[in-house]
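# Sharing a sequence plus its predicted fold:
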Amino acid sequence: MLPKRKSKKNPLTKEEKKNNKAISKMRVVIEHVFAILKKFKIISEKYRNRRKKFALRFNLIASIYNLQLLI
């Protein structure tokens with residue numbers, strides 16, 4: 001989902017600003033997760049190991065991140 005943009009001729013209404021704020025609150029959480037996955041280099045670089053183990057490693061990294069959120 002992308003927020004609605006204003007133009008010179010058409011400024012945003014209060015309702016559109018409110019919707020943009022809600023969208024940005026959802027997106028920031030997802031963007032932080034992507035940043036963590038990129039720190040582990042699992043999605044930022046080419047994966048050079050066996051394809052069968054990609055899903056396992058990806059799930060392990062996601063589990064580590066979820067565990068970090070609980071602590």
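Done, it's in. Because the structure is predicted, anything quoted here is derived from the model rather than measured.
# how far away is residue 61 from residue 45?
13 Å (CB to CB, to the nearest Å). C-beta coordinates here come from the backbone N, C-alpha and C atoms, glycine included.
# where exactly do the helices run in this structure?
14-39, 52-70 (DSSP state H).
# When residue 61 and residue 45 are compared, which one has more neighbours?
Neighbour count, other CB atoms under 10 Å: between residue 61 and residue 45, residue 61 has more, with 17 against 8.
# And the pLDDT at the more buried one?
Predicted confidence (pLDDT) for residue 61: 82.
# What values do phi and psi take at the closest residue to it other than its chain neighbours?
Spatial nearest neighbour of residue 61, excluding adjacent residues (CB to CB, 6 or more residues apart in numbering): residue 40 at 5.0 Å. Main-chain torsions, residue 40, degrees, to the nearest 10: phi -80, psi 0.
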